[in-house]
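Chemist: just need the structure, nothing else, for what follows:
(chains A and B)
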Amino acid sequence: MQTVIFLICAVGAVAAGIAVFRVDSMARATLALLASFIFAAAPILLLGLSYLGMLVILMMVMEMMIMAVFMVMYMMNPAGLMPMKMVHNNKMSLVIAVAVFVLLAAGVLFTPWPSGTAEAAVPGSTTAAGRSAADPTLALGLDLMGPHMLVMIVIGLALFATMVAVVVLSTHRGRYDRFGDDLQRRPADDPVRGGLGK
Amino acid sequence: MTSAPPWSIIACFAVFGMLAYAAAALSAAMNARESGTPAAAALTLPGRETARLLIRQRSVTPGADPMLARLGTGLLPLAALMSILVIPLGQHAISDLSVGVVWFNAMEVLAWAAVWMVGWGSNSSWGLVGANRFLAQGLAYELPHMFALITAAVGAGSLRVSDIAAVQGQSGHLWFVVYMPAAFLVFLLSALGFAFWGPFSQPLGREIAGGAAAELSGIDRLLLLAGRYLLLTAGAAMAVPLFLGGGAGPLLPAWGWILFKTGVVLAVLVWIGHRVPAVRMERFTEISWLVMLPLTILQALAVSIFVLVGWM
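Modeler: Now for the predicted structure:
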């Protein structure tokens, strides 16, 4: 049964991935990519990692829907009313795709995976590595908040700094536009007023 | 994971269907009262409306993307029904997943995809405006909503919905609404948000000719409206195990209390929908990110401290 579900999801993920470059509408391409991601999340659920699997589905739906809006905004032919070529820079993309695939496949083959049922979970253990945990969600939480806390905090800071920097770089309005040359104007002069009048 | 017998799955969906019908009927009754017509006929209005939509033809716009639009209209009620799977209606839910709270969140976010597909697929600018409004509104309510869900999970130390309800039923424990009132209010607001109901009904706004549903007719419209009422019902039903003690209460059995509490929350949500004017999404975004988000983070911090100190 698990093998059947895995096969359906594996074939489905690849097929939806191919569909991204076959359809001629940006909306369909984005939703095909979303379908591919959801098919890829199902094997994570099959591994018993229900928290991570559901999280992948949750985050992918949210981010692909936001991406759909941006994809439609940036396309010259957003509605897909005229047939549109969805591929470009073919040679380089092929090289990158093959290189990434080889890298990931090598990672799959050479990583020392935990042996699963060989060792029982140790209660109160702070790391999931090398053990099959009784509750993978708890093991994940202990791992992130224990030995890998510093890494996660640094990654979180880096991501947050990137987001702030990108917003600052992309907006053409600064505080002098909002609050006037002496920064005294209240409420701020915004093209779109918020609910608090800040 | 406890699995329920097949008849209880059908019974559960039937109960939720009736609750959603009751919400639609209550809304119709309030409409009738506001316009001064007899409210009694409103009780059968959702049924008559269903029959009318069932025999009506689909409307087709030129250049539409029927595949996406129909996937969207089907996905909305499906997402609502799937989110119901983890909500306990008695002692157990249909499928009491260990990550039930995350499952509920993921299914309710599928509404984003569904409404956008409907709005885009009908190839109407009103539809697309409504669909994009829903996404903008979603970005505003989703983060406080997630913190509200997580706060309840932290209070119980579990992501399993029945565990969260069970903790509140123990002696010496108050309902979570007492410990986390801000999270409860934010959850109710976001329930209105993901069902695009009342103050958050802008995606289907009247001033944009019905928004995402502008071009829908017949079975498509029926599915979208049914999905919306089911989502509202699911939101009301989820508030009960998360914040209102689940089946805890005197005299009545667990399922009786759950139904009663769900009905009350649902009635309050429908009532708010008729009493509160629509909020523009850009205004709500600022309120959400500058007030609700810090509030829910502080709420989560407070509950975490309560748990560490042993007060709950």
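Chemist: hey, let's count contacts and neighbours off CA atoms from now on
Modeler: Fine.
Chemist: what is the burial count for residue B:210?
Modeler: Other residues within reach of residue B:210, judged by other CA atoms under 10 Å in any protein chain shown, total 18.
Chemist: buried stuff in stretch A:183-198?
Modeler: A:188, A:189, A:194, A:195 (16 or more other CA atoms under 10 Å in any protein chain shown).
Chemist: helices of the chain, start to end?
Modeler: No chain was given, so I picked chain A. A:2-22, A:26-46, A:50-74, A:90-110, A:136-145, A:149-170, A:175-179 (DSSP state H).
Chemist: wrong one, chain B
Modeler: According to DSSP H, the helices that chain B contains are B:6-34, B:45-55, B:66-84, B:100-121, B:125-156, B:161-169, B:176-179, B:181-194, B:218-243, B:254-275, B:281-287, B:293-309.
Chemist: a markdown table please, covering the helices of chain A and showing distance to chain B, mean neighbour count and mean pLDDT.
Modeler: Converted to a markdown table, these look like this (distance: least, CA to the nearest CA, whole Å; neighbours: other CA atoms under 10 Å in any protein chain shown; pLDDT from 0 to 100):
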| stretch | distance to chain B | mean neighbour count | mean pLDDT |
| --- | --- | --- | --- |
| helix A:2-22 | 14 | 16 | 90 |
| helix A:26-46 | 8 | 22 | 90 |
| helix A:50-74 | 4 | 19 | 89 |
| helix A:90-110 | 27 | 11 | 92 |
| helix A:136-145 | 8 | 17 | 83 |
| helix A:149-170 | 15 | 12 | 93 |
| helix A:175-179 | 16 | 15 | 85 |
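Chemist: right, and those helices - which one's nearest residue B:27?
Modeler: Smallest distance to residue B:27 across these (CA to CA): 29.9 Å, for helix A:50-74.
Chemist: from the contact counts, what lies against the closest one?
Modeler: helix A:26-46, helix A:136-145, helix B:100-121, helix B:125-156 (3 or more CA pairs under 8 Å, 6 or more residues apart in numbering or on different chains; DSSP states H and E).
Chemist: gap between residue A:181 and chain B?
Modeler: 24 Å (CA to the nearest CA, to the nearest Å).
Chemist: residue in the stretch 151-300 of chain B nearest to chain A?
Modeler: Closest to chain A within the stretch 151-300 of chain B is residue B:283: 3.7 Å, counting by CA to the nearest CA.
Chemist: should've said the stretch 51-200 of chain B
Modeler: Counting by CA to the nearest CA, the stretch 51-200 of chain B gets nearest to chain A through residue B:106 (4.4 Å).
Chemist: quick one: residues contacting the residue lying closest to that residue once chain neighbours are set aside.
Modeler: Distances taken as CA to CA, 6 or more residues apart in numbering or on different chains place residue A:58 nearest to residue B:106, at 4.4 Å, with adjacent residues excluded. Contact partners of residue A:58, counting by CA atoms under 8 Å, 6 or more residues apart in numbering or on different chains, are B:105, B:106, B:107, B:109.
Chemist: can you add neighbour count and pLDDT and give those back as TSV?
Modeler: Converted to TSV, the contacts of residue A:58 look like this (neighbours: other CA atoms under 10 Å in any protein chain shown; pLDDT from 0 to 100):
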residue	neighbour count	pLDDT
B:105	18	93
B:106	23	92
B:107	24	92
B:109	23	93
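Chemist: of these, which is the nearest to residue A:51?
Modeler: Set against residue A:51, the nearest of the contacts of residue A:58 by CA to CA is residue B:106 (10.9 Å).
Chemist: does the closest one touch residue A:55 like I think?
Modeler: Yes. Using CA atoms under 8 Å, residue B:106 is in contact with residue A:55, at 7.5 Å.
Chemist: about what we covered before: looking at the helices of chain B, which is closest to residue A:69?
Modeler: helix B:125-156 (7.4 Å).
Chemist: what residues does the stretch 151-300 of chain B have near chain A?
Modeler: B:282, B:283, B:284, B:285, B:286, B:287 (CA under 8 Å from any CA of the partner chain).
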